[in-house]
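*Asks:* Give the three-dimensional model of this entry:
(2 chains)
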Amino acid sequence: MLGRTANSIFWMFRYLERAENTARLLEAGFRMALTRGADAANEEWRSVIVTLGEQTTYQQIHSEYSGAQVCNFVLRDRENPQNVLGMIEAARANARSARTSITAEVWEAVNEAWMVLGDLLDRPVRESSLGSVLASIRREATLVRGATYGSMLRNEIYHFARAGTFLERADNTARILDVKYYLLLPSLAYVGSSLDTGQWDTVLRSLSAERAYRWLNAGRMDPRGIAEFLILDRRFPRSLAFCYDALRENLKALAELHHNRGECHTLMREADRKLCEATIDSIFDKGLHEFLTAFIRENQGIATAISDDYRFIA
Amino acid sequence: MSIKPEPNFDEMRQADGSIRPAYRDYVTWLDEQDPALMRRKSREAEQFFRRTGITFNVYGDDDAEERLIPFDMVPRIITGTEWRRLSRGIEQRVRALNAFMHDLYHRQEILRSGRIPLSLFKSNVAWLPQMVGFTPPGGVYTHIVGIDLVRTGPNEFMVLEDNARTPSGVSYMLENRETMMAMFPELFAKIHVQSVSDYPRRLAKSLAACAPDAASDKPVVAVLTPGIYNSAYYEHAFLADQMGAELVEGSDLRVVDGRVQMRTTAGFQPIDVLYRRVDDDFLDPLTFNPQSMLGVPGIMDVYRSGGITIANAPGTGIADDKAIYSFMPEIVEFYTGEKPLLPNVPTWRCADADSLAYVLDNIADLVVKEVHGSGGYGMLIGPTSSSREIARFKDKLKARPDNYIAQPTLALSTVPIFTKAGLAPRHVDLRPFVLVSPNGIDITPGGLTRVALKKGSLVVNSSQGGGTKDSWVLED
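*Replies:* Numbers count the residues shown, from 1 in each chain, chains lettered A, B, ... in the order given. Reported below is the predicted structural model:
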């Protein structure tokens, strides 16, 4: 396949994953805001912007953090280069450019996502409809994923699609965990002390992990346990370990198809080794923030290596 | 030449209101349908097109970056007998076109014979000196041709235009049929319509048969598109997808080791046949427009040394030229030794002083077109233009008469479309698609019917608000 097409496929799935994860984060913030007083709610909305790393851009436009403003900014404000509608448009433009490499089902799913979300986000989203808009974003992304899983040939194209998905998801999980942890725990000395369980609930909700975690831990909220779950539990589909199992498998499949291993495979093996050797104790001894920052940087390194190894760009 | 518009020919109904044979079974079926259901189906069709992303981009229209070409669900029907006669005429014309190209770029016997004037070409920008003395692989110049036909009577089809560069619209021919079959499967069980669905397979086969000597046993075919912002991008992607060919852009291609190669995830891979949907001028910045980002630097050298087939061949645009068009009856006769089976629309060449005088005097009744124009841009339809528009156009015409031709305002045939108030006749044309390879000339039964949606309008171009219909050739 063409290097340019591989690039389009890779980014199409990265944008879809990013849009979906952004919606999840907003959903968690929305829920928290509903269950608190007005001041705490604004603080919660601020934390959504901080987690997305968009404070600087946001503050250039707005002076305070209200639900309506934050939602509008995150979902559809053109002045925010990372708005969800823009991600959906970018995913669709990439799909269009790689139209001959995806099935009609996948194309129709992403085209429909673009039409449905384009309509929903055409006007500012009112609080009363926010829940259903966020659900639509998740639903549309799920439909594309389902069409991909159910209709695409397991060839090179599919592996680039999956590699993009899991690379982006690992990045998003690491970022959410890093920022939320930082916001919730001014000092690591607090780890282990019992904090507001509602706050921890948002961390899990941002990653759609609350049910799984509660089920596994009989409802106990333990910051260290949550970090362990989101980083190391291979059963949870948004954990770093799960994402890297999937990323490794897809990169391995690419190496087999090409009869050739590249720089990305070397980096992958190294990252994999670190993740396998890590325990939650070793992570906290070194510092969770340091661990996650290094992870995000190395994850980006793998993305760059994939792009170089497979000639994404002339 | 009569220029008074006559009452036009309706393809469904005779003057007394009775149904013509081609439409009898269809109308019988239609009369049994619930009108409310038909209205719902019409809306469904639009949703279907939107969902599948069958859109085109309109130049100079910022609001609608991607627009749908309206689809009308009443088919345009031609009998098998009518089609057989038509396709003989089309084949003859396409054969002549290829022979004409070969002659123009070699011995130029038609010019020596004086059948067409030398002056026509000296100034012709579509004529490429780079093609002189060179024969494309398989001797084929126009691999894909779209012949635009109009109908004025029971047996009167005329050629309005020969699209010999990069004719578009074939994806609509295919999608319109798919849509009709999805909406009215029972109709196709009742009425036997000749299939069009294997066009992409035939195109792939036809292109592969034109591969250069340098090609391997299984020639690699790729479609070259200007990219996702091109008005026909949907069609480029559709055809590549249906043929199982790569869809490439200029930035994917490079000349490596004397071949045109594409950048794949595993390195560079040679292309044998390039079905390009990029104009000549943008094909090679080293040979043509140096600003072009859409082409491949050096591709013309590879082409001339036999390393790649370019379809259609560069320089075929000369047959799209409307002044050359006016000589097509002579061209057909010169190369085939036969009388043309399909007549031209009568055409005045404004370069000729007598014709210019006639056109200026009668402009209110004529259609005046630019010699190199296409897509319905830059033309004047006398009967529907204001006196100011006509005055302005006359100035342009007088300033550059050789840039224009004129034709009578034809009484184009009509076929009904589905409107809220029921069926209503609208003017149509027909573009059959023709494939040429060393194995012969292959015409897909049917083609693209374009329809003017406005009552009385004669402009069917999609860029000017025209729609399309499924075109049926009956099995009979």
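*Asks:* any idea how far residue B:170 is from the spatially closest residue to residue B:458 that is not a sequence neighbour?
*Replies:* For residue B:458, ignoring the flanking residues on the chain, the nearest one in space by C-beta to C-beta, 6 or more residues apart in numbering or on different chains is residue B:427 at 5.4 Å. All C-beta atoms are positioned from the backbone trio N, CA, C, and that covers glycine. Residue B:427 is 22 Å from residue B:170, where distance means C-beta to C-beta, to the nearest Å.
*Asks:* now do residue B:253
*Replies:* 23 Å.
*Asks:* again, but for residue A:126
*Replies:* Distance, residue A:126 to residue B:170, by C-beta to C-beta: 46 Å.
*Asks:* who has more neighbours, the two?
*Replies:* Between residue A:126 and residue B:170, counting by other C-beta atoms under 10 Å in any protein chain shown, residue B:170 is the more crowded of the two (24 against 10).
*Asks:* how about the nearest residue to the more buried one, chain neighbours excluded?
*Replies:* Ranked by C-beta to C-beta, 6+ apart and with sequence neighbours excluded, the top spatial neighbour of residue B:170 is residue B:433, at 5.0 Å.
*Asks:* residues touching the one you found, list them.
*Replies:* Residue B:433 makes contact with B:144-146, B:167, B:169-170, B:173, B:199, B:443-444, B:447-448, according to C-beta atoms under 8 Å, 6 or more residues apart in numbering or on different chains.
*Asks:* Got the phi and psi for residue B:144?
*Replies:* The phi and psi values for residue B:144, taken as degrees, to the nearest 10, are phi -130, psi 120.
*Asks:* Now the residue lying closest to residue B:414 once chain neighbours are set aside: phi and psi?
*Replies:* Among residues not flanking residue B:414 along the chain, residue B:425 sits closest, at 3.7 Å (C-beta to C-beta, 6+ apart). Note on residue B:425: its backbone torsions stand at phi -70, psi 140 [degrees, to the nearest 10].
*Asks:* got a list of what residue B:425 touches?
*Replies:* Residue B:425 neighbours (C-beta under 8 Å, 6+ apart): B:10, B:12, B:414-417.
*Asks:* Filter those down to the ones in strands?
*Replies:* In strands, defined here by DSSP state E, the members of the contacts of residue B:425 are B:414-417.
*Asks:* Farthest-apart pair in those, please.
*Replies:* Taking C-beta to C-beta as the measure, the ones in strands among the contacts of residue B:425 span a maximum distance of 9.2 Å, between B:414 and B:417.
*Asks:* just for chain B, where's the confidence low?
*Replies:* Within chain B, the stretches with pLDDT under 70 are B:1-6, B:53, B:55-66, B:373-376.
*Asks:* Which positions in it make contact with chain A?
*Replies:* Selection of chain B residues close to chain A by C-beta under 8 Å from any C-beta of the partner chain yields B:50-53, B:227-228, B:233, B:237, B:240-241, B:245-249, B:251-252, B:254, B:262-267.
*Asks:* Just the element for the closest residue in space to residue B:141 that isn't next to it in sequence, please.
*Replies:* Of all residues not flanking residue B:141 in the chain, residue B:101 sits nearest, at 3.8 Å (C-beta to C-beta, 6+ apart). In this structure, residue B:101 is located in helix B:80-104 according to DSSP states H and E.
*Asks:* For whichever helix or strand comes after that helix, give me every contacting residue.
*Replies:* With elements assigned by DSSP H and E, the helix or strand that comes after helix B:80-104 is helix B:109-112. For helix B:109-112, the external contacting residues (C-beta under 8 Å, 6+ apart) are B:100, B:103-104, B:116, B:118, B:121, B:331, B:334-335.
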